[in-house]
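predicted model and sequence follow; I will ask about them next.
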Amino acid sequence: MTMQSVHVSLSERSYDILISEGLLEHAGAVLNPFLNRRYVAIVTDENVHSAQGDRLIAGLKAESVGFDFITLKPGEATKSFGQLEELTSQLLDLGIERNDLVLAFGGGVIGDLTGFACSILRRGCRFAQIPTTLLAQVDSAVGGKTAVNVKQGKNLVGAFHQPALVLCDVAALNTLSERELRAGYAEVVKYGLIADAPFFKWLEANGPALLNGDIATRTQAVKRSCELKAAIVEEDEKEDGARALLNLGHTFGHAFEAAFGYSGKFLHGEAVALGTVFAFEYSVRLGRCAPNDAERVKRHLKLSGLPIGIDNLPGPVSADQLISFMMQDKKVQQGALTLILPDGIGAAKVVKDADYDDVKQFLINKIGA
Ligand SMILES: NC(=O)c1ccc[n+]([C@@H]2O[C@H](COP(=O)([O-])OP(=O)(O)OC[C@H]3O[C@@H](n4cnc5c(N)ncnc54)[C@H](O)[C@@H]3O)[C@@H](O)[C@H]2O)c1
Ligand SMILES: O=C(O)C(=O)C[C@@H](O)[C@H](O)[C@H](O)COP(=O)(O)O
Ligand SMILES: [Zn+2]
């Protein structure tokens, strides 16, 4: 097994991201040094349990690591307050101690919910991320943001809680649906657009191979994404500055997700893709970004099967609805919107004090009042 790794350096909260094909079958051996007793609680969802569970079980059994599964319903609706209460209760019933290791085995929904539960369980217990979607391997498993969604907006109740270890088995992506794979790809593209124009160019050439299952290309993309995210998180763990760049496309995107009620009709990655298009178009409107750059981004997202226009929305939504969700965004300061706006490909900026009326007019022009 050829192993790649990325270190996230955060003093006593530092950890490694291990990336390889076939890691699940070695999970017991890799996790053993992190275990105070040979036992883990595994939080997962039904799809992941049936598609990948046997591989993890084999890896744990090979090292005589005992385990219990807590298996939740799949989908964004699981990232809720109700499920948080239920999950913490189940973990307590299993007798999970502070120094035990809980495994978040699944996509970003499982990772965000489990990470949040672990941040509050007995005032904080350890957990490892075992991400099984492209989105989770390149983004959500790294950096310690955990949360649930509420009716007022996306991820509005949560905590920063870093994992002890991240295990990315790229072979786990073989059972992921094409739609979920493409949605995760939106976050890969994001890294190129924020800060790495050569990576975006590489994706224009290699994105099709990545989406078609080429393991080497996937491994390279996961590694580069994790390196870029780790560098930003190391600089600004709790989003006082540069970390907000990772929110490119999210201020608009989260508003779409909230408007559709976290129903799965519009996935996080799809919302990020359309939100990124909106961010580029708004930047063009402000004269910050060349129209050609926005067109190039839209072309690549479209070729990758991602939504780039309001025709791709699963139902009607109004500018009023969107702007009111946007005003609940965690980046709002003194009542003013913060947007992540590109000055071009690979050159995103955190823009505070965005003009509310102008953003609203932009949305009205795009989708109607
Ligand atoms: N914490 C962060 O930094 C961060 C970053 C990005 C996104 N997120 C959050 O992540 C969530 C989205 O995560 P996601 O896109 O992974 O969605 P998800 O967790 O809902 O997983 C997508 C679907 O794929 C299934 N699945 C997962 N792995 C599978 C596999 N290997 N084989 C077959 N099916 C599999 C799941 O059951 C689910 O139905 C959102 O809530 C978003 O807000 C968080
Ligand atoms: O890690 C980050 O920081 C990100 O912003 C990554 C995003 O892809 C992710 O969707 C995150 O959950 C959004 O953060 P939020 O603070 O806007 O909820
Ligand atoms: Zn995201």
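Arrived safely. Ligands and ions are numbered 1, 2, ... in the order given.

show me what from the stretch 51-200 of the chain comes close to ligand 1.
51-52, 74-76, 79, 106-110, 112, 132-133, 135-136, 139-140, 143, 145, 155, 172, 175-176, 180, 183-184, 187 (CB under 6 Å from any ligand atom). For the C-beta atoms, the positions are set from N, CA and C on the backbone; glycine is no exception.

for K154, grab phi and psi.
phi -80, psi 130 (degrees, to the nearest 10).

look up how far ligand 2 lies from it.
6 Å (CB to the nearest ligand atom, to the nearest Å).

for D196, same thing?
15 Å.

same check, this time on V166
From V166 over to ligand 2 the distance is 13 Å, taken as CB to the nearest ligand atom.

and for E234?
In this view, E234 and ligand 2 are 12 Å apart by CB to the nearest ligand atom.

check which helix or strand covers that residue.
E234 is located in helix 215-235, with elements delineated by DSSP states H and E.

only alpha carbons, please: show that helix as CSV.
C-alpha atoms of helix 215-235 as CSV (Å, rounded to 0.1, in the frame of the first residue of the first chain):
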residue,chain,number,x,y,z
ILE,A,215,-7.2,6.2,-8.7
ALA,A,216,-3.9,8.0,-9.3
THR,A,217,-5.6,11.2,-10.3
ARG,A,218,-8.0,11.0,-7.4
THR,A,219,-5.2,10.5,-4.9
GLN,A,220,-3.3,13.5,-6.4
ALA,A,221,-6.4,15.7,-6.2
VAL,A,222,-7.2,14.6,-2.6
LYS,A,223,-3.6,15.2,-1.5
ARG,A,224,-3.4,18.7,-3.2
SER,A,225,-6.7,19.7,-1.8
CYS,A,226,-5.7,18.6,1.7
GLU,A,227,-2.4,20.5,1.4
LEU,A,228,-4.1,23.7,0.4
LYS,A,229,-6.8,23.4,3.2
ALA,A,230,-4.2,22.4,5.8
ALA,A,231,-2.1,25.5,5.0
ILE,A,232,-5.1,27.8,5.4
VAL,A,233,-6.3,26.1,8.6
GLU,A,234,-2.8,26.3,10.1
GLU,A,235,-2.7,30.0,9.4
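
is the helix or strand that comes right after that helix up against ligand 1 anywhere?
Counting by DSSP H and E, the next helix or strand C-terminal to helix 215-235 is helix 250-259. No: Helix 250-259 lies apart from ligand 1 when judged by CB under 6 Å from any ligand atom; the minimum separation is 7.5 Å.

determine the set of other helices and strands touching helix 250-259.
Here helix 250-259 touches strand 153-160, helix 268-285, helix 319-326, strand 337-342, going by 3 or more CB pairs under 8 Å, 6 or more residues apart in numbering; DSSP states H and E.

run the last query once more with 10 Å
Helix 250-259 sits against strand 145-150, strand 153-160, helix 178-195, helix 268-285, helix 319-326, strand 337-342, helix 356-367, with contacts defined as 3 or more CB pairs under 10 Å, 6 or more residues apart in numbering; DSSP states H and E.

tell me the angle the fourth one makes with helix 319-326.
Same thing as helix 268-285. Here helix 268-285 runs at an angle of 110 degrees relative to helix 319-326 (axes from the mean of the first three to the mean of the last three CA atoms, to 10 degrees).

and L35, its phi and psi?
According to degrees, to the nearest 10, the main-chain angles of L35 amount to phi -100, psi 130.

that one touches G28, doesn't it?
Yes: taking CB atoms under 10 Å as the definition, L35 is a contact partner of G28 at 9.2 Å.

anything in contact with each of those two?
63, 65 (CB atoms under 10 Å, 6 or more residues apart in numbering).

between those two, tell me which one has more neighbours.
G28 (22 against 18; other CB atoms under 10 Å).

ok so, going back, now intersect the residues of the stretch 51-200 of the chain next to ligand 1 with the helices, please.
Among those, the members found in helices (DSSP state H) are 51-52, 108-110, 112, 135, 180, 183-184, 187.

find the centremost residue of the protein, please.
Closest to where the C-alpha atoms of the chain average out (CA atoms, centre = their mean) is S140, at 3.2 Å.

find the helix or strand that V48 is a member of.
With DSSP H and E as the criterion, V48 is inside helix 46-61.

that helix packs against which elements?
Right, helix 46-61 is packed against helix 27-31, strand 39-45, strand 66-72, strand 101-106, strand 126-131, strand 166-169 by 3+ CB pairs under 10 Å, 6+ apart.

restrict the last one to CA atoms and write it as PDB.
Going back to what we said before, that points to strand 166-169. Extracted in PDB, the C-alpha atoms of strand 166-169 (Å, rounded to 0.1, in the frame of the first residue of the first chain):
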ATOM      1  CA  VAL A 166      -8.000  11.500   9.100                       C
ATOM      2  CA  LEU A 167      -8.000   8.300   7.000                       C
ATOM      3  CA  CYS A 168      -8.800   8.800   3.300                       C
ATOM      4  CA  ASP A 169      -9.200   5.600   1.500                       C
END
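
chain center to it: distance?
With CA atoms, centre = their mean, to the nearest Å as the basis, strand 166-169 stands 14 Å off its chain's centre.

tell me how far G82 lies from ligand 2.
Here the criterion is CB to the nearest ligand atom. By it, G82 lies 19 Å from ligand 2.

now that residue: how far from K154?
From G82 over to K154 the distance is 16 Å, taken as CB to CB, to the nearest Å.

out of the two, which sits in the busier spot?
Legend: neighbour count by other CB under 10 Å for G82 and K154, higher for K154 (24 against 10).

correct me if wrong: the more buried one contacts E257.
Yes: K154 lies in contact with E257 (CB under 10 Å); the separation is 5.5 Å.

which residues are in contact with both of the two?
With CB under 10 Å, 6+ apart, K154 and E257 have common neighbours 76, 250, 268, 271, 325.

many thanks, have a good one.
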